[in-house]
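**Student:** model the structure of this input:
(one chain, ligands or ions: 1)
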Amino acid sequence: MDFELNEQQQAVFDMAVGFGQDAIAPHAASWEEEGTIPRAFLVQAGELGLAGMVVDPEAGGSGLTRLEASLAIEGLAMACPSVSAFISIHNMVAWMIDRFGDQALKDRYLADLCSFQKVASYCLTEPGSGSDAAAMKTRADVTNEGFALSGSKSFISGGGYSDLYVVMARDGEVLASNADTPAAKAVSAFLMDDGSDGLSFGAPEKKMGWRAQPTAQVQMDGVKIAKGQRLGEAGRGFVYAMMGLDGGRINIAAAALGAAQTALNKAVEYAGERRAFGQSLDQFQSVQFKLADMETQLQASRIFLRQAAWKLDQRASDATAHCAMVKRFVTDSAFEVANQALQIHGGYGYLEDYGLEKIVRDLRVHQILEGTNEIMRLIVARHLLDRG
Ligand SMILES: Cc1cc2nc3c(=O)[nH]c(=O)nc-3n(C[C@H](O)[C@H](O)[C@H](O)COP(=O)(O)OP(=O)(O)OC[C@H]3O[C@@H](n4cnc5c(N)ncnc54)[C@H](O)[C@@H]3O)c2cc1C
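**Tutor:** Residues are numbered from 1 along each chain as shown. Model prediction:
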């Protein structure tokens, strides 16, 4: 067993750290203030292969492993977890099209998505159903041309900003063949273009963190969808959405880890400089112990995360449970580390200029989205108990 990154993995990580420090870090505060990520920056990220990281190179992707992609997300998040996670969500949709789409959908979308000429959003959550996602109400009624989508999706990252939305909806065709189809098996995934008639967006949400990314409700009122825009098989949309989230959760954890590492680095530096009671903070054993615990949390997170990404690459039978465990463990640990780093900074940690309060605000949502950390425990417990 070799715990070192190989040359390619290290190169991906170093590239992402460097790009993050050059192209994101100087702007992270102003993008947060403006509530949006410039398109030109995304195109630059696309040129570095960060837009279709795990998509087949033949379709324009970078063909990275999940482990390599997680290293890229971790490296970018050292500059800003919000921007890094936005890139992750787009990559999740690109992967879903590559994995489940037919050739016509791949030809239509992947080149643009893999270069960030187009940006994609993932639409599962609804106002009345978050954790219990299969209880969704959005429906795809059958029409002569294909389908008509009606319903609302809430909290959509990139809502009103993206060019393409993958929408999970109750498929009228499936329900027509069997009205008693269980909720999750009645869901299909549909690709909806921005600008479609009947598509509108709620006002941008005002959020605690992740402010650089626009988040809004996506509202559909009979949006016409051609038959060929249904992704993959009818009734498999919920499975596709969950499979997308396996990789998504690895990346949400990786983004939290990268940002928490930045918080720890800042805390170590600050503890060496700031003096109290005649000595620097890092001379107090209680501060040393705190730093030691933070370092241990991040080392444990890193190794656990990389193992889960490797399991996903191997398509291991327990990969989904590991993705859930890692999402829960790493995002909780990272939030705690960031919060402790803020504490070590005292009052200065609470000020915008020191960069700590943004990391704490940004990382809070990593414990909530792509499945709350309670739902992650549910997935792990199910896996554990099923096996017994
Ligand atoms: C900034 C942001 C961006 C987001 N981006 C997207 C996006 O791009 N696409 C998308 O589809 N969604 C997105 N989401 C939605 C996110 O995934 C949901 O908010 C999340 O899944 C939780 O759903 P909910 O908010 O409806 O909470 P609920 O499901 O109502 O849960 C409320 C509380 O109850 C707990 N709970 C629920 N069920 C159980 C249970 N069985 N056992 C124990 N506890 C339980 C939850 O853990 C939580 O603490 C985003 C959310 C935010 C905040």
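
**Student:** I'd say residue 235 and residue 181 touch.
**Tutor:** Yes: using C-beta atoms under 8 Å as the test, residue 235 is close enough to residue 181 to be in contact (7.1 Å). Every C-beta, even on glycine, is put in place using the N, C-alpha and C of the backbone.

**Student:** ok, those two, which is more surrounded?
**Tutor:** residue 235 (20 against 16; other C-beta atoms under 10 Å).

**Student:** any idea which helix or strand carries the more buried one?
**Tutor:** In this assignment (DSSP states H and E), residue 235 forms part of neither any helix nor any strand.

**Student:** now do the contacts for residue 212.
**Tutor:** Counting by C-beta atoms under 8 Å, 6 or more residues apart in numbering, residue 212 touches 28, 31-32, 34-37, 80, 82-83, 86.

**Student:** list the contacts of the residue in the stretch 101-250 of the chain positioned nearest to the ligand.
**Tutor:** Closest residue of the stretch 101-250 of the chain to the ligand, C-beta to the nearest ligand atom: residue 130 (1.9 Å). Neighbouring residues of residue 130 by C-beta under 8 Å, 6+ apart: 154-155, 372.

**Student:** returning to that earlier point: how about the contacts of residue 212 in TSV, adding distance to the ligand?
**Tutor:** Listed next are these as TSV, based on distance: C-beta to the nearest ligand atom, whole Å:
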residue	distance to the ligand
28	17
31	15
32	13
34	17
35	12
36	14
37	14
80	14
82	9
83	13
86	9
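
**Student:** buried ones in the longest helix along the chain, by neighbour count?
**Tutor:** Identified as the longest helix of the chain according to DSSP state H is helix 237-273. Residues of helix 237-273 classed as buried: 237-264, 266-267, 270-271 (neighbour count, 16 or more other C-beta atoms under 10 Å).

**Student:** is the ligand contacted by it?
**Tutor:** No: Helix 237-273 does not reach the ligand (C-beta under 6 Å from any ligand atom); its nearest approach is 8.3 Å.

**Student:** and stretch 72-85, how far apart are its ends?
**Tutor:** For stretch 72-85, the first-to-last residue distance is 11 Å (C-alpha to C-alpha, to the nearest Å).

**Student:** contacts for that stretch next, please.
**Tutor:** Taking C-beta under 8 Å, 6+ apart as the rule, stretch 72-85 contacts 12-17, 19-21, 24-25, 28, 31-32, 37, 50, 53, 64, 87-88, 157, 209-213, 251-252, 254-259, 261-262, 359, 362-363, 366.

**Student:** anything in contact with each of residue 235 and residue 181?
**Tutor:** With C-beta under 8 Å, 6+ apart, residue 235 and residue 181 have common neighbours residue 174.

**Student:** can you name the residues that contact the residue sitting furthest away from the middle of the chain?
**Tutor:** Within the chain, the residue lying farthest from the chain centre (C-alpha atoms, centre = their mean) is residue 278, at 44.7 Å. Residue 278 sits next to no residue when contact means C-beta under 8 Å, 6+ apart.

**Student:** how much space between the residue of the stretch 101-250 of the chain closest to the ligand and residue 327?
**Tutor:** Per C-beta to C-beta, to the nearest Å, residue 130 is found 15 Å from residue 327.

**Student:** now the helix-or-strand element of the chain with minimal mean pLDDT - C-alpha only, PDB.
**Tutor:** The helix or strand of the chain with the poorest confidence is helix 373-387; it has a mean of 94 (mean pLDDT, DSSP states H and E). Below are the C-alpha coordinates for helix 373-387, written out as PDB (Å, rounded to 0.1, in the frame of the first residue of the first chain):
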ATOM      1  CA  ASN A 373     -25.000  14.900   7.600                       C
ATOM      2  CA  GLU A 374     -28.000  13.200   9.300                       C
ATOM      3  CA  ILE A 375     -28.900  11.600   6.000                       C
ATOM      4  CA  MET A 376     -25.300  10.500   5.500                       C
ATOM      5  CA  ARG A 377     -25.700   8.600   8.800                       C
ATOM      6  CA  LEU A 378     -28.900   7.000   7.500                       C
ATOM      7  CA  ILE A 379     -27.000   5.800   4.400                       C
ATOM      8  CA  VAL A 380     -24.200   4.400   6.500                       C
ATOM      9  CA  ALA A 381     -26.500   2.700   9.000                       C
ATOM     10  CA  ARG A 382     -28.500   1.100   6.200                       C
ATOM     11  CA  HIS A 383     -25.400  -0.300   4.600                       C
ATOM     12  CA  LEU A 384     -24.100  -1.600   8.000                       C
ATOM     13  CA  LEU A 385     -27.400  -3.200   9.000                       C
ATOM     14  CA  ASP A 386     -28.100  -4.700   5.500                       C
ATOM     15  CA  ARG A 387     -24.800  -6.500   5.600                       C
END
